[in-house]
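Novice: how would this look folded up:
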Amino acid sequence: MAEPPVIFKRTKSKPSQRGRVATPDIDTAPTTGAEGDVDEAPSVLAAKLKKKTRAKTKSTLSFGGEEEEGDGEVFKLKKSNLSRKVALRNDLPGVAPVPIESRTAQRSTGPTYDAAYLNELKASTPTTRPPIATDDTVPYDGDVSMDLDSAAPASALTPFNDSMQEDETAIPSASSILAAKQKRERLRATKASGAEDYISLSLTKRDDYSKGPHPESRLVREEDELGDADDEFAEYTSAQERIALGKKSRKVEARKRREEMNEMIVDAEEEDEETREWEQAQLRRGGLRPESAEPAPKPVYKPAPIPSVTPIPTMGAAMARLTQSMSELTMSHAEHSAAMSKLGEEQRLLEQREKEMREMIAKAEEKRSWFSAFREWVESVATFLDEKFPQLEKLEDEHIAIIRERADMIAQRRKAEDEDDLTLFFGTPPQLQPKPDEVDDLGRIVPSANPAASRADRTAAREARRLRRRAVNQQQAKQREEEEGYSTDASLPPADADDYRIAMGKLMTDAKEIMADVKAEEFRDPNLGLAKWFGEWRAKFDDIYRGAWGGLGMVSAWEFWVRLEILGWNPLERPRGLDSFNWYHSLYKYSRPSPDDANSDDDEEDEPELGPDGDLVSAMISTALIPRFCRLLESGALDAYSSTDVRRLVDLAEQVEASVEWQSLKFEMLLKSAYTVFAAAVAATEASLRPFLELNQPRFDPAAIPARRRFLMRRYKLLRNLLQWRRYAGDKYGLSALATRLVTSSMLPVAETGWEVGGEEIMRKVAQALPTELVPPALQSLLRST
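Specialist: Numbers count the residues shown, from 1 in each chain. Model prediction:
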């Protein structure tokens, strides 16, 4: 059975190529090329070519496709690009052109395989790549060389392809048709069973890939193709490049291109010699580089140099070398030991510094937490004081009002008694004359005070008080004979005294009510609050405590409890030592902290040393007590005619002086308040005596003599109290001038009116009581004249 004819089919047609004109039919009489050219005219040939060109082209089908069995036309083999480049190759040097006669004979006849043609074909087919001319006049072009290479093998197939294309169409035999049908059936069965009719080089099957939306179609869309490498090799195919449109974008693209060029140049320059030699070898093997005419130089054998003779070392040289090495090692060891010890010392210092830093951090954290708690406590104390201080100040003002009212009552009574006595021996001044009866709108007489009756009542009350005072003194075994008038009565009547006691009792009850709603012990007792917190501050952070004057801050906060404790206390009425108060003991103990050594051998009676705050008792007296004492003295707590009050005032001033310096401003405030009280008493006496001295109408009255003595004795007692205070305070604020003024303006004019009946005697007592430099000249002259 003959082999079926081979049918060439293409999967795709090239629209840019045209098919060659087929040879005449078999039944047509064959003619030679020369006769055809002579018999047919050019117009006839053009018409035939046009007819053949317009003939319907046969659809190209792959193997296994449907095809009509009666179609005897086979696929025409078209020339490829390689066959077209044969002409270019014939023109190149070193390639022998194909004779025209052979090609003409091949077109006109069938394939020829005689010995002459085969020899010519073998001679025209190159076995190696033609060498490239090394002449400088012929430049090297890689594209041309590749075209030549691709065209070279095609030259041998050109006659065969041309002969097949120009051969007459053969009619297949029945056996060929039967074989083709069997092959189609076999391919159709293979396709139906899903088996492949070829051995795939791929490890995966076609069914493993996605067949797209139309799996029955053999057309493959561009997006369904796998491995197009557009994404993988986008860096090399310029698939991600963008056209720069703006000016700034063009500058950026130009800069990038320059950088890439510089990188490529750097990479090219960094090529090593081995790589370059390998590339040259590959180029020479492919015929792109001519072989070097000069052979590589043969390596010349060079024998190894024979070393010079080394003398045998001697013992001395070896010992010297070893000694030197030993010394170097010793020095190196010493240096390393020193470096190691230095590093150890540095490590120890670093560890010590780290320990100190950790301690500092711990102290800082402790300080922060403590001051945070201290701040919260101080804010709570401030809130407490803002609420309680107004209540305390209100009660203090109430106490001052009670004392002032009592002092005014005693002063008015004393003034009335002085006017009664002055009226007896000076007469009644106009302003003290009895006024006519006043009548109201209805003609009724308005009742008014009767001066004579009032005077008699005051005299009876004074005698009754004198008798009671003598009875009390007898019971106390303190009976003293005193002249009438010298004992200035500063006591209140029983009714007024009861009212005074009730008012003071209510004041003390209100003072207790201030702390009635306070339940926290640290606010009720400053020792548990203020002393505790400020004591911890001083013990833990002494430098900050001193810099912030923590002691004075504590005194300012403690002032509330001090003023609350002394509320209602009149130091001249109820004498009491300052050290008997609780605040005094607390501040005294806080100012003198106990030593750390509890087993100290020091005597317990020794006074402990002052702490860094100094004497806080002195600060408290200066801050809270002295201003309070000044207000009490100026409000009437000090009676200038009472020797008891003056004596207690001196005791109080001595206690204050023990804690406050004499020259301090606060202590001078206390001295000035006492001077103000004495100056007010002298001024009141002068004001009472002035209208009587202006009248000066003495009259005979048996009661005038004792009245004059009472008036002078009261002024004498005032003078003695003033001199007693002067002995302590000195000549502060003009106490000496005040004493001289009292004698000159108030006592001497009254004594002269009854010099023989008691005035001289009293003035001699005055002269004896006064210091020599304070005796007025007028008094001295009167005493010398008598």
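Novice: for the stretch 451-600 of the chain, what are the low-confidence residue spans?
Specialist: 451-490, 595-600 (pLDDT under 70).
Novice: quick one: the helices in it?
Specialist: Under the criterion DSSP state H, counting those that start in this stretch, the stretch 451-600 of the chain contains helices at 451-475, 494-514, 521-524, 530-540, 542-547, 550-565, 582-591.
Novice: okay, stretch 381-397 in CSV with CA atoms only?
Specialist: In CSV, the C-alpha atoms belonging to stretch 381-397 read as follows (Å, rounded to 0.1, in the frame of the first residue of the first chain):
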residue,chain,number,x,y,z
VAL,A,381,-7.0,72.4,106.1
ALA,A,382,-7.4,75.5,104.0
THR,A,383,-11.0,74.6,103.4
PHE,A,384,-11.5,74.0,107.2
LEU,A,385,-10.0,77.4,108.1
ASP,A,386,-12.0,79.2,105.5
GLU,A,387,-15.2,77.9,107.1
LYS,A,388,-14.2,78.3,110.8
PHE,A,389,-12.1,81.5,110.9
PRO,A,390,-15.1,83.9,110.3
GLN,A,391,-16.9,82.3,113.2
LEU,A,392,-13.9,82.8,115.5
GLU,A,393,-13.4,86.4,114.5
LYS,A,394,-17.1,87.1,115.1
LEU,A,395,-16.7,85.7,118.7
GLU,A,396,-13.6,87.8,119.2
ASP,A,397,-15.4,90.9,118.3
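Novice: Going forward, count from 823.
Specialist: Right, with 823 as the first residue, what we last looked at is stretch 1203-1219.
Novice: Just the buried residues of it, please?
Specialist: 1203, 1206-1207, 1210, 1214, 1217-1218 (16 or more other C-beta atoms under 10 Å). Glycine gets a C-beta too; all of them are placed from N, C-alpha and C.
Novice: Sitting in helices, which of those do you find?
Specialist: Secondary structure from DSSP state H places 1203, 1206-1207, 1210, 1214, 1217-1218 of the buried residues of stretch 1203-1219 in helices.
Novice: Now render the residues you listed as TSV, adding distance to Leu1409 and pLDDT.
Specialist: Shown next, in TSV, are these (distance: C-beta to C-beta, whole Å; pLDDT from 0 to 100):
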residue	distance to Leu1409	pLDDT
Val1203	17	92
Phe1206	20	93
Leu1207	18	92
Lys1210	20	92
Leu1214	19	93
Leu1217	23	94
Glu1218	21	93
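Novice: Name the nearest of those residues relative to Tyr1367.
Specialist: Tyr1367 lies nearest to Val1203 out of these, by C-beta to C-beta, at 17.1 Å.
Novice: got a list of what the closest one touches?
Specialist: 1345, 1351-1352, 1379 (C-beta atoms under 8 Å, 6 or more residues apart in numbering).
Novice: In terms of helices and strands, where is Ile1225?
Specialist: Using DSSP states H and E, Ile1225 sits within helix 1137-1248.
Novice: Also Pro1119?
Specialist: Using DSSP H and E, Pro1119 falls outside every helix and strand.
Novice: Please report how far it lies from Glu1220.
Specialist: 131 Å (C-beta to C-beta, to the nearest Å).
Novice: Repeat that for Arg1143.
Specialist: Counting by C-beta to C-beta, the gap from Arg1143 to Glu1220 is 111 Å.
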